[in-house]
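J.: 3D, please:
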Amino acid sequence: MNDGLDWNLVRSFPAALVWLVVHREIRSNRRIRAVYDCLAQAVPQVL
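T.: Model (predicted):
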């Protein structure tokens, strides 16, 4: 996939604390929750 990022460079950065945030009024929305659950699993694997 050519997304314009040099993933080797991205992975060379030290681990960082990443927060996924969403406004409390939409936190219970099933679609938003599904996206955030997916991101919560995928992001640490990339970082």
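J.: among the helices and strands of the protein, which has the poorest mean pLDDT?
T.: Ranking every helix and strand in the chain by mean pLDDT, DSSP states H and E puts helix 7-12 at the bottom, with a mean of 76.
J.: who touches the helix or strand just after that one?
T.: Counting by DSSP states H and E, the next helix or strand C-terminal to helix 7-12 is helix 30-46. By C-beta atoms under 8 Å, 6 or more residues apart in numbering, the residues outside helix 30-46 that reach it are 7, 10-11, 18, 20, 22, 26-27. From N, CA and C alone the C-beta is placed, and that goes for glycine too.
J.: quick one: low-confidence ranges for the protein?
T.: Counting by pLDDT under 70, the chain contains low-confidence ranges at 1-2, 15-16, 47.
J.: let's go with 80 and repeat that
T.: 1-5, 7, 9-18, 26-27, 44-47 (pLDDT under 80).
J.: how about it, which residue sits the furthest from its center?
T.: Of all residues in the chain, Glu25 has its C-alpha farthest from the mean position, at 20.2 Å, by C-alpha atoms, centre = their mean.
J.: how close does that residue sit to Tyr36?
T.: Separation of Glu25 from Tyr36 (C-beta to C-beta, to the nearest Å) stands at 14 Å.
J.: swap in Trp19?
T.: With C-beta to C-beta as the criterion, Trp19 and Tyr36 are 11 Å apart.
J.: more neighbours: the two, which one.
T.: Tyr36 (15 against 4; other C-beta atoms under 10 Å).
J.: now the more buried one: how far from His23?
T.: Tyr36 sits 12 Å away from His23, going by C-beta to C-beta.
J.: neighbours around Val21, how many?
T.: 7.
J.: backbone phi and psi for it, please?
T.: Val21 has phi and psi values of phi -120, psi 150 when expressed as degrees, to the nearest 10.
J.: quick check: the gap between the residue farthest from the centre of the chain and Ala42.
T.: The value you get for Glu25 to Ala42, if C-beta to C-beta is used, is 25 Å.
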